[in-house]
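> sequence first, predicted model second:
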Number of protein chains: 2
Amino acid sequence: MTDTATPVNNGVNTDFLLQAREALAAQPEGANFKWRVTNTWVNGTHSRTKVDGFFGLGAEQQHRTEFEYDGDHPELFASEDEGATPVELLLVSLASCLTAGVAAVAQNREIQLRSVSASLQGDMDVRGILGADPDVRNGFSHIKVTYNIDADATPEDIKALVAQSAKRSAVFDIVTNPTNVTVEVA
Amino acid sequence: MTDTATPVNNGVNTDFLLQAREALAAQPEGANFKWRVTNTWVNGTHSRTKVDGFFGLGAEQQHRTEFEYDGDHPELFASEDEGATPVELLLVSLASCLTAGVAAVAQNREIQLRSVSASLQGDMDVRGILGADPDVRNGFSHIKVTYNIDADATPEDIKALVAQSAKRSAVFDIVTNPTNVTVEVA
């Protein structure tokens, strides 16, 4: 009855996640997920991406609703600014992955969270994407994530919590390590 | 009068981008951009990320409007599914970057686009994020991007167009190459 013994509730069902870990360790084929999105060009640098279903636990799965995201370049680049810049969307992805992890790890460690916020900054020399200097990379030179967390824990425990979230984060792994991408034309 | 000599119009101001390339090659300090987002935990694995301003061309810049994105885990993981999964948001980011590039490169090569769409799939063994097997990475094992493009160009020119977009893409670079990320607690 550990559930009733602890008053900690961050809204994450860690019992389920621990059971899933056991189940998928025994039946690894269910762990093969395929995450999918479909993107459609609107005009200029503006496009819209839909997120609807994915494959996991051996079957096609649906989100509760379809999610839709607009991406564009800012007016500064003579675009229409109809959505966040793609590199900002990457920071959105990283932030949401790390914060979900903070809540899950806190639940598992019985740390009650009161508030969690994070500021992310990605530094970029845009001479890379403009092709002005072949020695400048296209992407971020560095990303800095700064958490502000109010929780029932010591500063050391909060630091350890954030570190564990990064260690388990899918997006943190994708960004910090090379990920193979194939781009084809049908 | 090259603008009036060509009927190609994909909605991208490539004259501006070429001028920016010249200007920033001469004054590289203006090319240092800082892209920012702020993320706030809502409950469980659900968080909300706001995209508002950034730094570039030596000054603070504002988007036309503030953009807001919800991220969450799906019901399959005992979450509330209040937004796309963070790894899906990463695919959104990659898709919007590559498609903006397709439009920009097509404009520069005087290829009229009629329609552009892309399907993205990221394969992931979720035993990584669950900590079920230390040999399984957290992130995608592979991402496949498939474009369908209707344009006034040969299949070879369309393939070259997509390849050039990937070559210049900030997000493609961030995903395929290692990017340094620092995670701190304030």
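Arrived safely, thanks for sending.

> worst-scoring helix or strand of chain A, pLDDT-wise?
helix A:2-5 (a mean of 52; mean pLDDT, DSSP states H and E).

> let me see the mean pLDDT of stretch A:79-88.
Predicted confidence along stretch A:79-88 averages 97 (mean pLDDT).

> so, low pLDDT: which residues of chain A?
Per-residue confidence of chain A (counting by pLDDT under 70) places the weak regions at A:1-6.

> now the strands for it?
Under the criterion DSSP state E, strands of chain A are mapped to A:32-43, A:46-56, A:59-71, A:113-125, A:142-151, A:181-185.

> for chain B, which of these is the nearest?
With CB to the nearest CB as the criterion, chain B lies closest to strand A:59-71 of the strands of chain A, at 2.6 Å. The way it works is simple: take the backbone N, C-alpha and C, and place the C-beta from them, glycine included.

> list the helices and strands the closest one packs on?
Applying 3 or more CB pairs under 8 Å, 6 or more residues apart in numbering or on different chains; DSSP states H and E, one finds that strand A:59-71 makes contact with strand A:46-56, helix A:86-108, helix B:86-108.

> hmm, 7 Å instead?
Helices and strands touching strand A:59-71, by 3 or more CB pairs under 7 Å, 6 or more residues apart in numbering or on different chains; DSSP states H and E, are strand A:46-56, helix B:86-108.

> so what's A:S141 up against?
By CB atoms under 7 Å, 6 or more residues apart in numbering or on different chains, the contact set of A:S141 is A:D123, A:M124, A:D125.

> quick check: the gap between it and A:Q121.
Computed as CB to CB, to the nearest Å, the A:S141 to A:Q121 distance reads 11 Å.

> do the same with A:K167
The span separating A:K167 from A:Q121 equals 21 Å under the rule CB to CB.

> the two: who's more crowded?
Looking at A:K167 and A:Q121 with other CB atoms under 10 Å in any protein chain shown, you find the greater number of neighbours at A:Q121, namely 18 against 14.

> which residues touch the more buried one?
Going by CB under 7 Å, 6+ apart, A:Q121 touches A:K144, B:K34, B:R36.

> any figure for the gap between the first one and A:S119?
Read it as A:K144. Distance of A:K144 to A:S119, computed by CB to CB: 8 Å.

> just give me the neighbour total for A:S115.
Counted with other CB under 10 Å, the burial measure for A:S115 works out to 10 neighbours.

> can you pull the contacts of it?
Neighbours of A:S115 in contact, by CB under 7 Å, 6+ apart: A:D150, B:W41.

> then A:G56?
Remark: with contacts taken as CB under 7 Å, 6+ apart, A:G56 is in contact with A:F33, B:L76.

> rerun that using 8 Å as the cut-off
By CB atoms under 8 Å, 6 or more residues apart in numbering or on different chains, the contact set of A:G56 is A:G30, A:N32, A:F33, A:K34, B:L76, B:V126.

> swap in A:L113?
The neighbours of A:L113, taking CB under 8 Å, 6+ apart as the test, are A:N10, A:V102, A:A103, A:A106, A:I149, A:D150, A:A151, B:W41.

> same thing but at 7 Å, please
With contacts defined as CB under 7 Å, 6+ apart, A:L113 is in contact with A:N10, A:A103, A:A106, A:I149, A:A151, B:W41.

> ditto for A:K34
When contacts are counted by CB under 7 Å, 6+ apart, A:K34 is found next to A:F54, A:F55, B:Q121, B:D123.

> of those residues, grab the buried ones for ChimeraX.
With 16 or more other CB atoms under 10 Å in any protein chain shown as the criterion, this ChimeraX line picks the buried residues out of the contacts of A:K34:
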select /A:54 /B:121
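
> Serialize the contacts of A:K34 to CSV and add fields for distance to B:R114.
Listed next are those as CSV, based on distance: CB to CB, whole Å:
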residue, distance to B:R114
A:F54, 30
A:F55, 31
B:Q121, 25
B:D123, 31
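
> let me know the closest of the contacts of A:K34 to A:S93.
Minimum separation from A:S93 among the contacts of A:K34 (CB to CB) is found for A:F54, which lies at 15.1 Å.
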